[in-house]
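[1] could you work out the structure for the sequence below:
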Amino acid sequence: MGTGDSPGILAELTDTLARARRILVLTGAGISAESGIPTFREAGTGFWAQYNPLELATPEAFDRDPRLVWSWYQWRRGLIRAADPNPGHQALAAMQALGLPVTLVTQNVDGLHQRAGFEGVVEFHGNIFRNRCRTCGNVGRAGDPAAEMPPRCPACDSLMGPGVVWFGEAIPADALRAADAAADECDVFLSVGTSALVAPASSLADRARAGGAAIAEINPASTDLTDRADYALAGPAGTLLPALVSGLRSRDPGAG
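    Take a look at the predicted model:
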């Protein structure tokens, strides 16, 4: 097992990625934190250090006070709109552009991977820039960023909430199927900026390993996955992912 931030481990992981037939990348809040978006679990500064999630991110909270929940998500949308994809997001898009067989599953709801140019992102927890009706399942664009109340569903007239997965809600079936299939089929699993604590995303690494995949992690801090990883690189995604891309390009004379 390789751990740390040494050039040797980067080179080994680059070689492994270059040989891979299928790669699954799982990203979490850490990669977007490098774009200035606060994480939920960072001690003292994460969202949940300031807010009670049971008052803001559950169906019951929305039923109890839709205006409060809506206003908080509108504030978050503004925060995310002001952020830009960082070199980590751009490096993953570059891997795809290089022709690597990458499936990207993200726990983030901010759309920064798509804005960086990655196509076909599997959004495990939904997207904050969509609205979803919990009554009939209708999904639509978020609409007016200044709206002070949630809109009515055009299909059933219920209030539409943000298109994210709240505590107590199921992962969208199509996202879960795509993630499970990618974990079963990959020969490299790369975890980037995720705590490896939130189920069911946290089980994808074990599922990939059961299928014989090499496990790699990029994270500034140790996680529950670190000691089980074949390659554990300690550092920011915005530095380490571009380094991997640089190494991959050096192995492909035709890459621009």
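[2] which residues of the chain fall in helices?
    7-19, 29-33, 47-50, 59-64, 66-81, 87-97, 112-116, 173-185, 204-210, 237-250 (DSSP state H).
[3] the longest strand along the chain packs against which elements?
    As assigned by DSSP state E, the longest strand anywhere in the chain is strand 126-133. In terms of contacts (3 or more CB pairs under 8 Å, 6 or more residues apart in numbering; DSSP states H and E), strand 126-133 is packed against helix 66-81, strand 139-141, strand 160-164. Quick note: C-beta positions are derived from backbone N, CA and C, even for glycine.
[4] same list, the ones you listed, but as a markdown table with mean pLDDT and distance to Ala20 please.
    Formatted as a markdown table, these follow (pLDDT from 0 to 100; distance: least, CB to CB, whole Å):
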| stretch | mean pLDDT | distance to Ala20 |
| --- | --- | --- |
| helix 66-81 | 94 | 31 |
| strand 139-141 | 94 | 33 |
| strand 160-164 | 97 | 31 |
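[5] buried deepest among those, which one?
    Comparing the helices and strands packed on strand 126-133 by mean neighbour count (mean count of other CB atoms under 10 Å), strand 160-164 comes out on top with a mean of 23.
[6] sheet-wise, list the partners of that strand with their directions.
    strand 126-133 (antiparallel) (DSSP bridges).
[7] show the average pLDDT along the strand it pairs with.
    Taken as a whole, strand 126-133 has an average pLDDT of 97.
[8] doesn't Gly137 make contact with Cys156?
    No - in this structure Cys156 lies outside contact range of Gly137 using CB atoms under 8 Å: 9.3 Å.
[9] can you list the domains in this protein?
    Using automatic domain parsing, the domain ranges for the chain come out as 1-36+85-125+171-256, 38-82+126-164.
[10] return the member of those domains having the minimum mean pLDDT.
    Of all the domains of the chain, domain 38-82+126-164 has the smallest average pLDDT, which comes to a mean of 89.
[11] got the end-to-end distance for that one?
    17 Å (CA to CA, to the nearest Å).
[12] kindly report the same for stretch 61-70.
    With CA to CA, one end of stretch 61-70 sits 10 Å from the other.
[13] that's all I had, so thanks and see you.
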